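1. Fold the stuff below for me.
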Amino acid sequence: MTALRYLTTWGPVGALLFVVAFAMTACSPAGLDDSRPAVEDEINEPSSDVASRPSTTATPRLFESAQHGYRLEIPTDWEFVEGAGTWIRFDQFVPGSQVPGEDLASTTDGFGWLVANSMLLPKEMTREEWLTELDELVGSGPLPDCREQRRADVLAGEQATVTRHRCDDLTIVGSSLVHANRGYYFTVGYTTGDASTESRLEEIASSIRFTK
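-> Got it, this is the predicted structure:
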């Protein structure tokens, strides 16, 4: 998916995501590196004003997705929009287009976001086949100026494949996994070098729990 999508499909929230040059909803294969938290920590080069953006310490708000069976906590100054529709087929997953059922959590200024979605596993597919199919679909997403890293990790108690794409202006970290009989992706994006928003997204990702 391209993050330009949010400019047209998420209304007031999406219109703020002007800093996003591209995004992908999940992950694509490359070499595995060492295990780190689900939103990978990385030393960022000093960046003008983004690294110093203040953080919010107020008690986070809890949101639960009835359709996808997960909950997460977001800062009080973030917004959460539950997706409409249902993701039931891989041919609905098209980079650059909104996938049915996709939830969105984002900063009000548009400098950071998380998208989440899930699909009921087709009866004819194993867990491994589903994950492989998703990886193949998003393999064409990255732009030439982006560096890719792929690793295995754990998110919400499940084994996950995590792919980071660090671009000049944007960093995308996508996690794909299977829980119970559903396949999931959780993808975050933020301005490259924005340590404050990256830290917030790490906290949000660590709060994700499955409810069924």
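2. Could you list the low-pLDDT ranges of this protein?
-> Counting by pLDDT under 70, the chain contains low-confidence ranges at 1-58, 95-96, 138-143.
3. Can you mark which positions in the lengthiest helix in it are buried?
-> Of all the segments assigned as helix in the chain under DSSP state H, the longest by residue count is helix 195-207. Residues of helix 195-207 classed as buried: Ala195, Ser196, Thr197, Glu198, Arg200, Leu201, Glu202, Glu203, Ile204, Ala205 (neighbour count, 16 or more other C-beta atoms under 10 Å). For glycine as for every other residue, the C-beta is placed from the backbone atoms N, C-alpha and C.
4. Serialize these to CSV and add fields for distance to Thr161.
-> Output for the buried residues of helix 195-207, formatted as CSV (distance: C-beta to C-beta, whole Å):
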residue, distance to Thr161
Ala195, 25
Ser196, 27
Thr197, 23
Glu198, 20
Arg200, 23
Leu201, 18
Glu202, 18
Glu203, 21
Ile204, 19
Ala205, 14
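5. List just the nearest of these to Val154.
-> Distance to Val154 across the buried residues of helix 195-207 (C-beta to C-beta) is lowest for Ala205, with 11.1 Å.
6. so what's Ala160 up against?
-> Ala38, Ala152, Asp153, Val154, Ser175, Ser176, Leu177 (C-beta atoms under 8 Å, 6 or more residues apart in numbering).
7. quick one: which two of those are the most distant?
-> Among the contacts of Ala160, Val154 and Ser176 lie farthest apart (C-beta to C-beta), at 12.8 Å.
8. In terms of neighbours, single out the busier of the two.
-> Shown here are Val154 and Ser176; by other C-beta atoms under 10 Å, Ser176 has more neighbours (23 against 14).
9. Look up which residues are beta-bridged to the more buried one.
-> Judged by DSSP bridges, the bridge partners of Ser176 are Thr161, Tyr185.
10. Test my guess that it contacts Gln159.
-> No - the pair Ser176 / Gln159 is not scored as a contact, 10.2 Å apart, by C-beta atoms under 8 Å.
11. about what we covered before: show me what the longest helix of the chain is packed up against.
-> With contacts defined as 3 or more C-beta pairs under 8 Å, 6 or more residues apart in numbering; DSSP states H and E, helix 195-207 has these neighbours: strand 70-74, strand 103-107, strand 112-120, strand 170-179, strand 182-191.
12. hey, C-alpha coordinates of that helix in PDB?
-> Once non-C-alpha atoms are left out, helix 195-207 reads as follows in PDB (Å, rounded to 0.1, in the frame of the first residue of the first chain):
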ATOM      1  CA  ALA A 195      12.600   9.100  17.700                       C
ATOM      2  CA  SER A 196       9.700  10.300  19.700                       C
ATOM      3  CA  THR A 197       7.000   8.900  17.400                       C
ATOM      4  CA  GLU A 198       9.100   5.700  16.900                       C
ATOM      5  CA  SER A 199       9.100   5.200  20.700                       C
ATOM      6  CA  ARG A 200       5.300   5.800  20.900                       C
ATOM      7  CA  LEU A 201       4.700   3.200  18.200                       C
ATOM      8  CA  GLU A 202       6.900   0.700  20.000                       C
ATOM      9  CA  GLU A 203       4.700   1.200  23.100                       C
ATOM     10  CA  ILE A 204       1.600   0.700  21.100                       C
ATOM     11  CA  ALA A 205       2.900  -2.400  19.400                       C
ATOM     12  CA  SER A 206       3.900  -3.900  22.800                       C
ATOM     13  CA  SER A 207       0.300  -3.200  24.100                       C
END
